[in-house]
Every structure is written in structure tokens, then in C-alpha cells.
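Peer 1: Kindly return the folded structure for what I paste below:
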Amino acid sequence: MQLTQNSQIAATLRPRLAVTLGDPAGIGPEVVLKALDDRRMREECEIVVVGSRAIARQLHTQLRGIGDRLADPDDLNFIEIEDEAHNIVLGSPSVSSGAASFAYMEAAIARTLAGEFEAIVTGPIAKTWWKAAGHPYPGQTELLAERAGVSRFGMFFVARSPHNGWTLRTLLATTHIPLRQVPDTLTPDLLAWKLDLLLDCLHRDFGLDRPRVAISGLNPHSGENGQLGTEERDWLTPWVEDQRHRHPHAHLDGPIPPDTLWVKPGQAWYGAEVTAHDAYLALYHDQGLIPVKLLAFDKAVNTTIGLPFIRTSPDHGTAFDIAGKGIADPTSMKAALSLAAELGRHRLATQPG
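Peer 2: You can find the predicted model right below:
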């Protein structure tokens with residue numbers, strides 16, 4: 001009953017979203033303007049673009065009449081950020097474009113922490129050019145966590161099937177580290193707080209109080225009783241059993257062999273009548289993202305969980321090679337905006353008072 005009431009309340013709310021342009025030399029400005037041409041999105045939430053209106057105007061003029069329609073930058077609300085627009089060339093990343101994209105992020109984070117927005121939707125950036133501009137962060141996720149003052153956070157990917165509406169949710173236990181470091185980085189404590197974050201997100205943002213979660217094994221065949229790796233035998237399988245006692249409200253399956261973990265979600269994505277899990281905990285980057293991108297490359301949304309606000313991002317990069325050509329696909333940016341609005345409405349409806 002309470003969930004139904006919250007859903008009814010949420011439908012009437014308009015969360016506030018800060019949308020960064022990403023690296024202005026890439027496709028970020030193009031996919032943002034294409035996504036915001038849909039006036040229904042702008043009616044369902046309050047959207048403010050964080051970046052250079054001059055760069056957006058330049059792009060709008062250049063692409064007028066080419067490909068998809070773009071929102072007119074003069075019809076959008078902007079938080080104007082000082083940058084070197086005259087030094088930024090579409091398709092040619094530089095120190096200037098890296099510095100600009102970092103400045104957009106800093107402004108969006110500061111204004112959100114000040115209470116102006118419920119969510120940040122981030123355009124794609126290039127880590128190489130952040131570093132060249134003097135900002136050596138592994139990515140936007142780490143900057144968000146540092147500025148928000150949190151040490152425990154996760155990269156969570158959400159995609160909704162166009163075939164039947166089934167939702168694929170995948171959390172990565174480890175992210176941007178070399179593959180050879182994964183076994184040493186994974187520990188019972190790390191996985192425990194990643195699982196805690198996941199279960200909290202499923203409850204708070206998706207209303208799933210008794211979720212079914214699949215936990216991947218690390219080795220082929222989940223170690224084959226120690227013949228193909230000992231992590232499952234030595235600690236991962238006992239850890240899963242311990243988590244079942246810690247979280248009696250959740251149904252935890254695992255460690256599931258990585259090669260079969262994705263069979264049911266693949267079937268569910270294409271409309272088969274199978275009992276798939278509500279979420280999947282993958283142990284390293286490619287173990288989780290190869291299937292996500294195979295199923296939902298243009299529909300998946302990168303979400304950072306563990307922050308005091310909502311953050312979503314399209315699951316693609318800057319694509320400098322096609323920037324300014326009018327062919328960038330805004331589907332993932334639209335999905336990122338829609339998910340941020342959905343989660344924002346849910347949080348507004350359930351917040352105390």
C-alpha cells in the first residue's frame with residue numbers, strides 16, 4: 001500500500017537535474033542537445049545544462065538540418081561555465097577541452113551538494129585529457145565520491161529491455177584496475193560493503209524489499225572445487241553463506257560460474273519467460289560489462305551508488321572520431337536522463353517530511 005502511494009506521489013513530482021556537457025570536443029554536447037529536443041523530458045523534470053552555451057550554440061548552428069533535431073541552446077536553462085571556447089574544436093580533444101569538462105563537473109557537484117539538484121547526469125569525458133589538464137582522477141566516479149566525502153561507492157549499470165521492459169541491473173565489485181590485480185583486490189570485506197550498497201540501492205531507489213541477487217564466481221566453473229582456482233573454495237563460497245545470514249530479506253545465489261551467470265538475463269532481455277535475478281554482482285570490469293554492452297550498448301546507464309545524490313551517465317565514451325558529424329546516437333543519454341528523473345521522483349516521494 002505504501003509503495004503504491006509513493007508511486008502515485010512520485011508521478012506528480014519534478015526532480016531537478018544538472019546535466020553536464022562532458023568533453024566539449026566530443027559527442028557530449030550533441031547527445032545532450034538531441035536528448036533535450038524531447039520536450040516531454042523537460043516537462044517531467046527541471047533540467048539545467050552545466051557548460052558553455054557558446055559551444056552548444058556553435059554545434060546547433062553547425063548541425064542544423066543534419067540528422068536528428070537538436071534543442072535550441074537559447075531555449076534551455078544553463079549554468080554558464082567560463083572556458084576557452086575559442087580553443088575547442090569538435091573532434092580534436094585538448095588540454096582546453098579536458099579542463100572545460102572538469103570545470104563543468106566541479107560546478108555540477110558543488111551546486112548539487114548545496115541542495116540545488118537531486119541528480120547529476122554527466123556527459124562523457126576523456127580521462128587522458130583530464131590528466132593533461134592537471135586532474136589525474138581515474139574517472140568521473142572517483143571525483144564525485146571525493147567531493148561528496150564518501151569512500152564506499154560503486155559503478156552500477158541499469159538497462160531496460162525494449163522487448164518487454166525487464167530491467168538488467170549490474171554492480172561491479174572492482175572497476176578500473178588491471179586484471180592481474182583483481183584476485184588480490186577482492187576480499188570478503190570489499191564484497192560485503194559492495195553488497196550492502198547494492199541491497200540499499202535496490203530498496204531505496206527501486207522499491208525492492210526482497211530482491212533476488214546473483215553473485216558471480218571468479219574462476220572458470222567457479223573454480224571446479226579448487227582445480228581451476230581456489231578463491232571460491234577458500235573464501236567466496238563461505239562468504240556468500242555468511243551474507244545469507246546477514247541479509248535474510250534477500251535471496252542470494254552464488255558463486256555462479258561466470259560463463260552461465262548471464263544465460264537467464266540474456267533470455268529475459270529478449271522476452272523469454274524465465275526467472276531472472278533482480279540484480280547481478282560481477283567481480284571485475286569486463287565480467288560485468290561485456291554482457292551489459294552486448295545486450296544494451298545504446299540503452300545502458302552508468303549509475304554511481306553510495307553518493308548522497310543521484311548520478312547517471314550514458315554508457316559510452318566521447319567518440320571524438322564522429323564529433324560534429326551529426327550522427328551521434330542520443331539513446332543512452334535519453335535513458336540516463338529518464339533514469340535520473342525516475343530515481344529523483346522516487347527519492348522525493350519517500351524522503352522524510
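
Peer 1: for the stretch 151-300 of the chain, what spans make up the strands?
Peer 2: Taking DSSP state E, counting those that start in this stretch, the strands of the stretch 151-300 of the chain run over residues 154-160, 167-172, 212-216, 251-256, 279-282.

Peer 1: Mind putting these into TSV with mean neighbour count and distance to residue 288?
Peer 2: All C-beta atoms are positioned from the backbone trio N, CA, C, and that covers glycine. Below are the strands of the stretch 151-300 of the chain laid out as TSV (neighbours: other Cβ atoms under 10 Å; distance: least, Cβ to Cβ, whole Å):
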stretch	mean neighbour count	distance to residue 288
strand 154-160	24	7
strand 167-172	22	5
strand 212-216	22	8
strand 251-256	19	13
strand 279-282	26	3
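
Peer 1: can you redo those strands as CSV with distance to residue 193?
Peer 2: Shown next, in CSV, are the strands of the stretch 151-300 of the chain (distance: least, Cβ to Cβ, whole Å):
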stretch, distance to residue 193
strand 154-160, 9
strand 167-172, 11
strand 212-216, 14
strand 251-256, 15
strand 279-282, 12
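
Peer 1: between those, which gets nearest to residue 322?
Peer 2: Distances from residue 322 to each of the strands of the stretch 151-300 of the chain were compared by Cβ to Cβ, and the smallest falls on strand 154-160, at 22.3 Å.

Peer 1: Given that closest one, what are its sheet partners and their directions?
Peer 2: strand 167-172 (antiparallel), strand 301-305 (antiparallel) (DSSP bridges).

Peer 1: Relative to residue 314, which of these is closest?
Peer 2: Minimum separation from residue 314 across these (Cβ to Cβ) falls at strand 301-305, 6.9 Å.

Peer 1: what's in contact with the closest one?
Peer 2: 141, 144-145, 153-159, 171, 197-198, 200-201, 310-315, 332, 335-336, 339, 343 (Cβ atoms under 8 Å, 6 or more residues apart in numbering).

Peer 1: swap the cut-off to 7 Å and go again
Peer 2: Residues outside strand 301-305 that contact it (Cβ atoms under 7 Å, 6 or more residues apart in numbering) are 141, 144, 153-159, 197, 201, 311-315, 332, 335-336, 339.

Peer 1: May I see the strands of the stretch 151-300 of the chain arranged in JSON lines, with mean pLDDT and distance to residue 49 as well?
Peer 2: JSON lines is the format used below for the strands of the stretch 151-300 of the chain (pLDDT from 0 to 100; distance: least, Cβ to Cβ, whole Å):
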{"stretch": "strand 154-160", "mean pLDDT": "95", "distance to residue 49": "23"}
{"stretch": "strand 167-172", "mean pLDDT": "98", "distance to residue 49": "27"}
{"stretch": "strand 212-216", "mean pLDDT": "98", "distance to residue 49": "36"}
{"stretch": "strand 251-256", "mean pLDDT": "97", "distance to residue 49": "41"}
{"stretch": "strand 279-282", "mean pLDDT": "98", "distance to residue 49": "31"}
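
Peer 1: Identify whichever of those lies nearest to residue 296.
Peer 2: strand 154-160 (3.6 Å).

Peer 1: quick one: the closest one to chain centroid distance?
Peer 2: 5 Å (Cα atoms, centre = their mean, to the nearest Å).

Peer 1: What of stretch 175-185?
Peer 2: With Cα atoms, centre = their mean as the basis, stretch 175-185 stands 21 Å off its chain's centre.

Peer 1: quick one, which of the strands paired with strand 154-160 is nearest to residue 25?
Peer 2: Of these, nearest to residue 25 by Cβ to Cβ is strand 301-305, at 20.5 Å.

Peer 1: Relative to residue 101, which of the strands of the stretch 151-300 of the chain is closest?
Peer 2: strand 154-160 (18.9 Å).

Peer 1: just to revisit the earlier point, CSV for the strands paired with strand 154-160, including distance to residue 351?
Peer 2: Formatted as CSV, those follow (distance: least, Cβ to Cβ, whole Å):
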stretch, distance to residue 351
strand 167-172, 22
strand 301-305, 17
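
Peer 1: Can you spell out the domain ranges of this protein, please?
Peer 2: 1-150+307-353, 152-300 (automatic domain parsing).

Peer 1: Out of these, which is the most enclosed?
Peer 2: Across the domains of the chain, averaging neighbours per residue (mean count of other Cβ atoms under 10 Å) puts domain 1-150+307-353 on top, at a mean of 19.
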